[in-house]
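Asks: Need a 3D model of the following:
(one chain, ligands or ions: 2)
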Amino acid sequence: MLEIADVALTFWLLLPAYTPNNFAVLVGGGKPLDFGKTFVDGKRILGDGKTIRGSVGGVIGGLLIANLQYGIERLLSFQFFSSLTYQEFLLLVFLLSFGAVCGDALGSFLKRRLGYARGDVFPVVDQLMFLAVAFLIASYSPSFFKLFDLTKIIIAFIITPPLHLITNFIAYKLGLKNVPW
Ligand code: CTP
Ligand code: MG
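Replies: Residues are numbered from 1 along each chain as shown. Ligands and ions are numbered 1, 2, ... in the order given. Coordinates of the predicted model:
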């Protein structure tokens, strides 16, 4: 059974991995992360949908949100992120944010290899690659398993696709994205 408290906590803990891609949509543009270069197959390495500004801005945005969360926890006296020392916390949330941006770029790398154009929908990879890589990279932080257990990791894979679809639909309605996925 999914416990609502576990779902809410998983969501809270994953905000530093969820928010980078939203910040990337907001601040993205300019030089592409692959500098316009093509891979051995003649297709773009990542494509114009992954930019330097979006990637750096995404990680910074994730860190901003995480720090806000740390502050809120201290203010309201509940302890999840703030059960860690600030240094442990910073390493963990940096790896979550950085991992999310890397995973999103890895998804684009795969999409380009398979011939999908920028913005084409690639079910599962679009919704879950960023999460899988964020978990993989963040698990190098010694504090990762203090906060995430198997239940939360499973919950994350269940709640993330609908959350991703909803936020992208909102971004589309707000005119921030050209396609609703
Ligand atoms: N974005 C960015 N840098 C990133 C990630 C996203 O600048 N590292 C911006 C781009 O403007 C991108 C938009 O956010 O178009 C939406 O991101 P996403 O859906 O991940 O990219 P797509 O345009 O769909 O490209 P792809 O097919 O490669 O996923
Ligand atoms: Mg997309």
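
Asks: CA atoms for contacts and neighbours, from now on please.
Replies: OK.

Asks: Pull out the buried positions in whichever helix in the chain runs longest.
Replies: The longest helix of the chain (DSSP state H) is helix 86-113. Buried residues in helix 86-113, defined by neighbour count with 16 or more other CA atoms under 10 Å: 88-109, 111-113.

Asks: tell me, which of the residues you listed make contact with ligand 1?
Replies: Counting by CA under 6 Å from any ligand atom, Val101, Ser108 from the buried residues of helix 86-113 sit close to ligand 1.

Asks: can I assume Arg74 is in contact with Ser82?
Replies: Yes - the pair Arg74 and Ser82 passes the contact test of CA atoms under 8 Å, sitting 6.8 Å apart.

Asks: Between the two, point out the one with more neighbours.
Replies: Looking at Arg74 and Ser82 with other CA atoms under 10 Å, you find the greater number of neighbours at Ser82, namely 18 against 15.

Asks: quick one: that one and Phe89 touch, right?
Replies: Yes - in this structure Ser82 lies within contact range of Phe89 using CA under 8 Å: 7.4 Å.

Asks: what residues does the protein put near ligand 1?
Replies: By CA under 6 Å from any ligand atom, the residues of the chain that approach ligand 1 are 21, 24-25, 28-29, 47, 49-51, 54-55, 101, 108, 117-120.

Asks: Can you select the buried ones among the residues you listed for me in ChimeraX?
Replies: Selection command for ChimeraX covering only the buried members of these, criterion 16+ other CA under 10 Å:
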select :21,24,25,28,29,47,49,50,51,54,55,101,108,117,119
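
Asks: Give me the subset of the residues of the chain next to ligand 1 lying in strands.
Replies: Under the assignment DSSP state E, the residues of the chain next to ligand 1 contribute nothing to strands.

Asks: Quick check on Arg44: phi, psi?
Replies: Phi and psi for Arg44, reported as degrees, to the nearest 10, are phi -60, psi 140.

Asks: Which stretches in the chain count as helices?
Replies: Secondary structure of the chain, counting by DSSP H: helices at 4-27, 52-76, 86-113, 125-138, 144-147, 150-173.

Asks: of all those helices, which lies closest to Asp41?
Replies: In terms of CA to CA, the element of the helices of the chain nearest to Asp41 is helix 86-113, at 7.5 Å.

Asks: quick check: mean pLDDT across that closest one?
Replies: Per-residue pLDDT values across helix 86-113 average out to 98.

Asks: Pull up the gap between Gly42 and ligand 1, please.
Replies: From Gly42 across to ligand 1, the span is 16 Å (CA to the nearest ligand atom, to the nearest Å).

Asks: ok, that residue - contacts?
Replies: Contact analysis of Gly42 by CA atoms under 8 Å, 6 or more residues apart in numbering lists nothing.
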